[in-house]
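Visitor: Requesting a structural model of the entry that follows:
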Amino acid sequence: MRIGIVTTTINIPGAQSLKDKRSVMRRLKDSAVQRMNVSVAEVGAQDRWQIAEVAFVTVAATHEIVERRIADISHYLRTDPVYVLVTLNTEII
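Guide: Below is the predicted model of the structure:
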């Protein structure tokens, strides 16, 4: 069994309130769970309305599957124009 963890910080320049941020985060979480079979949680900066720290976690039987899912998450985060990717860290356990 392998566990893949992706932690990221994103900037949401269009957010003018926590309500705007929650809307973007809800869409991000729902889409990631539906498309990539991962768990998603906002893990930091909950009180800041233009910054979000997000963690994605996936579990699979093989290293290759986890690597593929991490690559999919990375690609997904880099292509959404609603926010700016600030940091992206990956780890496989």
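
Visitor: what separates the helix or strand hosting Lys19 from the chain centre, distance-wise?
Guide: Per DSSP states H and E: Lys19 is located in helix 18-36. Chain-centre distance of helix 18-36: 9 Å, with Cα atoms, centre = their mean, to the nearest Å.

Visitor: same thing with stretch 30-47?
Guide: Relative to its chain's centre, stretch 30-47 lies at 5 Å (Cα atoms, centre = their mean).

Visitor: what does the average pLDDT come to for that stretch?
Guide: For stretch 30-47, mean pLDDT is 89.

Visitor: got the contact list for that stretch?
Guide: Taking Cβ atoms under 8 Å, 6 or more residues apart in numbering as the criterion, the residues outside stretch 30-47 that touch it are 7, 9, 18, 25, 28-29, 51-58, 69, 72-73, 76. The way it works is simple: take the backbone N, C-alpha and C, and place the C-beta from them, glycine included.

Visitor: cutoff 10 Å now
Guide: Identification of contacts with stretch 30-47 by Cβ atoms under 10 Å, 6 or more residues apart in numbering yields 4, 6-10, 18, 21-22, 25, 28-29, 51-60, 65, 68-70, 72-73, 75-77, 80.

Visitor: For that stretch, C-alpha coordinates in CSV please.
Guide: Extracted as CSV, the C-alpha positions of stretch 30-47 are listed here (Å, rounded to 0.1, in the frame of the first residue of the first chain):
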residue,chain,number,x,y,z
ASP,A,30,-15.8,18.6,-5.4
SER,A,31,-14.1,18.5,-8.8
ALA,A,32,-10.9,16.8,-7.5
VAL,A,33,-12.9,14.2,-5.6
GLN,A,34,-15.1,13.4,-8.5
ARG,A,35,-12.3,13.3,-11.2
MET,A,36,-9.4,11.8,-9.4
ASN,A,37,-10.6,9.7,-6.4
VAL,A,38,-8.7,11.7,-3.8
SER,A,39,-9.5,13.1,-0.4
VAL,A,40,-9.2,16.9,-0.1
ALA,A,41,-9.1,19.2,2.9
GLU,A,42,-8.3,22.9,3.5
VAL,A,43,-5.5,22.6,6.1
GLY,A,44,-4.5,26.2,6.7
ALA,A,45,-5.2,29.9,6.2
GLN,A,46,-8.9,29.3,6.8
ASP,A,47,-9.4,32.9,8.0
